[in-house]
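**Student:** Next comes the sequence, and after it the predicted model I'd like to discuss.
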Amino acid sequence: MSDKVVDARTQGTRPTAAGDPSPPVVVARGVTKTFRTGGTLVRALDGVDLEFARGAFTAIMGPSGSGKSTLMHCLAGLDTVTSGQITMGRTDITALTDRQLTQLRRDRIGFVFQAFNLLPMLTARDNITLPARIAKRRIDHQRLARIVEVVGLADRLDHLPAKLSGGQQQRVAVARALLGAPEVVYADEPTGNLDSRSGAQVLAFLRDSVREMGQTVVMVTHDPVAASYADRVVFLRDGRPAGQVDDPTAESVLDHLLALEG
Ligand SMILES: Nc1ncnc2c1ncn2[C@@H]1O[C@H](COP(=O)(O)OP(=O)(O)OP(=O)(O)O)[C@@H](O)[C@H]1O
């Protein structure tokens, strides 16, 4: 196992240039989530304490059924917790009504899913700007130009999704998630439907958005290579944090994963 493995609960912050740790954007404290299916109670999250640093790229990994998707859904306000607290900035998202959660997701969070979810009749540019137009937000054209430059799709903006490769479509979806300068982008298996070359382009784009635009990204993945693009990988097992790897490589992630599954 990697010697970089440390306790995930105390390592959510990231030193700033001045050496002070920047406050985390998202904090989970004692989060539990149970599901009742028929007569049985499934404890998907069992006392999760984690912090996610601003301007960092964090991957969440763990064996199948360890609670990764449930954690991401709770962090992103897509699902409610059974107990515990999740804060985003100064907002206690576990205290919000459904309506407030909808607003939080729309205004402060970007989402990238395994399916690209682009509208087929809209050009790449119109897909990227659609959420802003729906929310009646002013489009920041400077930021749009910057994102388009980082995403490397400047010459494809007028194409319909059907004329783009899978990797290009997912880069459009990431650009769409980034345009509103969300406090956090949550990505759930963003390369699950892509070949390895296209996946590498999408991951490099996510990483560049962190490095060059200070974006905060949290990504669930099964793939140690995908996780190696992150600054930090946090692991779950049986609904609990099970260590982390900083500055991961595919090998160090795989080592930790194999130790968890063994
Ligand atoms: N809506 C639900 N109803 C009942 N049980 C659920 C529900 N969602 C998740 N679970 C259960 O909670 C546990 C954690 O599931 P979760 O999908 O979060 O794990 P995961 O780590 O994302 O798994 P995978 O890697 O297979 O996607 C599992 O036992 C799962 O069966």
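**Tutor:** Alright, I've got the coordinates. Every value quoted in this text rests on a predicted model; they were computed, and no experiment measured them. Numbering: from 1, shown residues only.
**Student:** Which parts of the stretch 151-262 of the chain are strands?
**Tutor:** 184-188, 217-220, 232-237, 240-246 (DSSP state E, counting those that start in this stretch).
**Student:** Serialize the ones you listed to CSV and add fields for mean pLDDT, distance to Asp98 and mean neighbour count.
**Tutor:** C-beta: built from backbone N, CA, C; applies to glycine. Listed next are the strands of the stretch 151-262 of the chain as CSV, based on pLDDT from 0 to 100; distance: least, Cβ to Cβ, whole Å; neighbours: other Cβ atoms under 10 Å:
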stretch, mean pLDDT, distance to Asp98, mean neighbour count
strand 184-188, 95, 18, 24
strand 217-220, 96, 22, 25
strand 232-237, 97, 26, 25
strand 240-246, 96, 28, 21
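**Student:** Quick check: which of those strands is nearest to Arg137?
**Tutor:** Each of these has some distance to Arg137 by Cβ to Cβ; the shortest is strand 184-188, at 16.4 Å.
**Student:** who's in contact with that closest one?
**Tutor:** Outside strand 184-188, the residues that touch it by Cβ atoms under 8 Å, 6 or more residues apart in numbering are 25-26, 52, 69, 72, 75-76, 88, 108-114, 174, 177-178, 206, 209, 215-220.
**Student:** now swap in stretch 118-126 and tell me
**Tutor:** By Cβ under 8 Å, 6+ apart, stretch 118-126 touches 127, 130, 153, 156-162, 164, 168-169, 172-173.
**Student:** got the contact list for Phe167?
**Tutor:** Not Phe; residue 167 is Gly. By Cβ under 8 Å, 6+ apart, the neighbours of Gly167 are 194-195, 197-199, 201-202.
**Student:** Now it. Nearest residue, chain neighbours left out?
**Tutor:** Counting by Cβ to Cβ, 6 or more residues apart in numbering, Ser198 is the residue found nearest to Gly167 once chain neighbours are left out, at 2.6 Å.
**Student:** interface residues of the stretch 1-150 of the chain facing the ligand?
**Tutor:** Taking Cβ under 6 Å from any ligand atom as the contact definition, the stretch 1-150 of the chain meets the ligand at 35, 37, 42, 44, 62, 64-70.
**Student:** Narrow the residues you listed to those in strands?
**Tutor:** 35, 37, 42, 44 (DSSP state E).
**Student:** Those residues: which two are farthest apart?
**Tutor:** So, these by Cβ to Cβ: farthest apart are Thr37 and Ala44, at 10.8 Å.
**Student:** Residue of the stretch 101-250 of the chain nearest the ligand, please.
**Tutor:** Closest contact between the stretch 101-250 of the chain and the ligand, by Cβ to the nearest ligand atom, is at His222 (6.1 Å).
**Student:** Count the neighbours of that residue for me.
**Tutor:** 15 (other Cβ atoms under 10 Å).
**Student:** so who does it touch?
**Tutor:** The neighbourhood of His222, defined by Cβ under 8 Å, 6+ apart, consists of 61, 64, 189, 192.
**Student:** Please indicate which of these are buried?
**Tutor:** Buried residues within the contacts of His222, counting neighbours by 16 or more other Cβ atoms under 10 Å: 61, 189, 192.
**Student:** for Ala135, phi and psi?
**Tutor:** With angles defined as degrees, to the nearest 10, Ala135 sits at phi -80, psi 0.
**Student:** Please renumber the chain so that the first residue is 164 from this point on.
**Tutor:** Got it, the first residue is 164 from now on, which makes the last one we talked about Ala298.
**Student:** Good, wrapping up.
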